[in-house]
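Trainee: 3D model of this:
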Amino acid sequence: MNEKHFFVYMQASQKNGTLYIGVTSDLVQRVWQHRNDVVAGFTRQYGVHRLVWFEVHPDAVSAITREKQLKKWNRPWKVGLIEAENPNWNDLFDGIAV
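Mentor: From the prediction side, this is the model:
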């Protein structure tokens with residue numbers, strides 16, 4: 001059975017750069033859209049193309065709830081979340097785009 005997942009993700013312009021938080025049901029497609037400036041908006045304007053953190057959720061409600069929670073966090077908490085799993089702020093896109 002093909003189970004659908006939802007993702008909350010953070011992108012950055014560079015290490016310790018501008019951050020963007022989003023939610024999607026297709027992480028590969030959505031990050032590709034950001035990286036290629038397909039949609040006008042924040043990520044295009046600020047060059048926020050590097051996927052630095054994400055987590056999987058079983059349903060849209062939990063993913064949206066988590067996204068809203070993270071958007072209220074202060075910057076040091078967000079940086080701590082990223083660096084706990086990705087201390088060098090590596091771009092994780094190649095690891096998910098299989």
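Trainee: give me the buried positions along the helix or strand containing residue 45.
Mentor: Assigned by DSSP states H and E, residue 45 belongs to helix 42-46. For helix 42-46, burial by neighbour count (16 or more other Cβ atoms under 10 Å) applies to residue 43. Backbone N, C-alpha and C define where each C-beta goes, glycine included.
Trainee: quick one: average pLDDT of it?
Mentor: Helix 42-46 shows a mean pLDDT of 95.
Trainee: just the C-alphas of it, formatted as CSV.
Mentor: Extracted in CSV, the C-alpha atoms of helix 42-46 (Å, rounded to 0.1, in the frame of the first residue of the first chain):
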residue,chain,number,x,y,z
PHE,A,42,10.1,34.6,-0.4
THR,A,43,12.5,31.8,-1.4
ARG,A,44,13.1,33.3,-4.9
GLN,A,45,13.5,36.8,-3.5
TYR,A,46,16.1,35.8,-0.8
